[in-house]
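1. Next one to model:
(one chain, ligands or ions: 1)
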Amino acid sequence: MNAHVLDGKAFAAKLRITIADHVAALQAGHGIVPGLAVVLVGEDPASQVYVRSKGKMTVEVGMRSFEHRLPDTTSEADLLALIAQLNADPAVHGILVQLPLPGHLNSDLVINSIDPAKDVDGFHISNVGLLGTGQKAMVPCTPLGCLMLLRDHHGSLAGKHAVVIGRSNIVGKPMAQLLLGDSCTVTIAHSRTADLPAMVRQADIVVAAVGRPQMVQGDWIKPGATVIDVGINRIAADDGGTRLVGDVDYDSCAAVAGAITPVPGGVGPMTIACLLANTVTACCRAGGLAEPEGLTV
Ligand code: NAD
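-> Model (predicted):
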């Protein structure tokens, strides 16, 4: 295996130290403690795990965590009322509504009811528009983490051909916007792309955000390319249990790539760290303070 391993776990740990330093400085200099409110509706086990670890890491960096767990029978009116209350609460700088929501709730309506300045997931239509027009936005956490890893490894990304596989609003589209903002030539591939392997072979940077275990093969990768694997898929393991794999066939791709993110330990840890970073950014902006260094793009 030749590729340099992009260690997202280590990078995220360093980022959380930078975040904790900013939090301490905000408290010492301005008497402000950034606060993150997480709203979970229903009992989805994966969502419960995510919400727990978000709350834990929020407290670990010195911020306030407000958890709101609502039953899956919650009405849209009650959820909107809670969001209005959080929008108005000066102790809350970031609001995250854990997705997916139960089917009777309109996710678009709910997300767009969050104050865009507190929308630390970056999914509000105002933030999507700001990002798309190159203005100061709240940037979705997973693509933000990918961009940080790419910049750290490459320095400038200008002129590189990036192929993003996947066109979701959560990962693929904002990832493409960020890479465009860094002057990459960007191709967005998706389920209807003709000859995906040939498309990927042209890429200096491949970002796979598909949700298909180990789909991207080593012979799709241009020698020396950088491969960012966003996928998180659970598959059967040889020992009868399960294991996590990405959207990239790690061993065959690592043999050809110049750099690659592992799963687990690559993009995943960056996502929560970037959520904390966005909360500090939202807090600084709310207070009319300078952008926190190292936390924004
Ligand atoms: P999604 O299902 O919303 O989108 C998947 C995209 O992949 C679609 O745009 C679709 O067109 C494309 N696609 C599907 N089949 C394809 C194929 N055969 N060839 C090419 N493209 C194809 O998924 P998402 O929310 O963007 O998530 C993608 C993956 O990333 C999932 O595995 C998810 O678990 C993971 N994820 C990880 C993190 C993290 O923190 N690491 C965060 C979000 C999502």
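
2. Every contact and neighbour count from this point should use C-alpha atoms.
-> OK.

3. Would you mind listing what in this structure touches the ligand?
-> Taking Cα under 6 Å from any ligand atom as the contact definition, the chain meets the ligand at 142, 165-168, 170-172, 190-191, 209-211, 230-233, 267-268, 271.

4. rerun at 5 Å
-> Listed as neighbours of the ligand in the chain under the rule Cα under 5 Å from any ligand atom: 166-168, 171, 190-191, 209-211, 230-232, 267-268, 271.

5. so which pair among these is furthest apart in space?
-> The distance between the two most remote of these (Cα to Cα) is 24.3 Å, for Ser191 and Thr271.

6. Show me which residues of stretch 250-269 are buried.
-> Across stretch 250-269, burial judged by 16 or more other Cα atoms under 10 Å covers 250, 252-269.

7. all strands in the stretch 151-297 of the chain, in order from the N-terminus.
-> Remark: strands assigned in the stretch 151-297 of the chain by DSSP state E, counting those that start in this stretch are 161-165, 185-189, 205-208, 226-229, 233-236, 242-245, 259-260.

8. Buried residues, the fifth one. List them.
-> By neighbour count on 16+ other Cα under 10 Å, the buried set for strand 233-236 is Asn233.

9. tell me the average confidence for it?
-> Across strand 233-236, pLDDT averages out at 96.

10. Would you mind listing the outside residues contacting it?
-> Residues outside strand 233-236 that contact it (Cα atoms under 8 Å, 6 or more residues apart in numbering) are Gly211, Arg212, Pro213, Thr242, Arg243, Leu244, Val245, Gly246, Asp247.

11. May I have the strands that pair with that strand, each with its orientation?
-> Sheet pairing of strand 233-236 (DSSP bridges) gives strand 242-245 (antiparallel).

12. Buried ones in the partner strand, by neighbour count?
-> Per 16+ other Cα under 10 Å, strand 242-245 contains these buried residues: Val245.

13. again with stretch 88-97
-> Ala91, Val92, His93, Gly94, Ile95, Leu96, Val97.

14. re earlier: and the residues of the chain next to the ligand, which are buried?
-> So, by 16+ other Cα under 10 Å, the buried ones in the residues of the chain next to the ligand are 166-167, 171, 190, 209-211, 230-232, 267-268, 271.

15. Now do the same contact list for Ser75.
-> Taking Cα under 8 Å, 6+ apart as the test, what Ser75 contacts is Leu105.

16. Once you drop chain neighbours, what's closest to Arg237?
-> Careful, residue 237 is Ala and not Arg. Leaving aside its chain neighbours, Ala237 sits nearest to Arg243 (5.6 Å; criterion: Cα to Cα, 6 or more residues apart in numbering).

17. wait, the one you found sits on Ile232?
-> No - with contact defined as Cα atoms under 8 Å, Arg243 does not count as touching Ile232 (10.0 Å).

18. residue ranges for the helices of the stretch 51-200 of the chain, please.
-> 76-88, 107-111, 125-132, 141-154, 172-181, 196-200 (DSSP state H, counting those that start in this stretch).

19. Tell me which of those helices sits most buried.
-> helix 172-181 (a mean of 22; mean count of other Cα atoms under 10 Å).

20. Which strands or helices does that helix pack on?
-> helix 125-132, helix 141-154, strand 161-165, strand 185-189 (3 or more Cα pairs under 8 Å, 6 or more residues apart in numbering; DSSP states H and E).

21. Kindly calculate the angle that that helix makes with strand 185-189.
-> Here the directions of helix 172-181 and strand 185-189 differ by 170 degrees (axes from the mean of the first three to the mean of the last three Cα atoms, to 10 degrees).

22. can you give me the offset of helix 172-181 from its chain's centre?
-> 12 Å (Cα atoms, centre = their mean, to the nearest Å).

23. how big is the angle separating that helix from helix 141-154?
-> 30 degrees.

24. Pull the residues that contact helix 172-181.
-> Outside helix 172-181, the residues touching it (Cα under 8 Å, 6+ apart) are 128, 131-132, 134, 139-140, 143-144, 146-147, 157, 162, 164-167, 185-188, 209.
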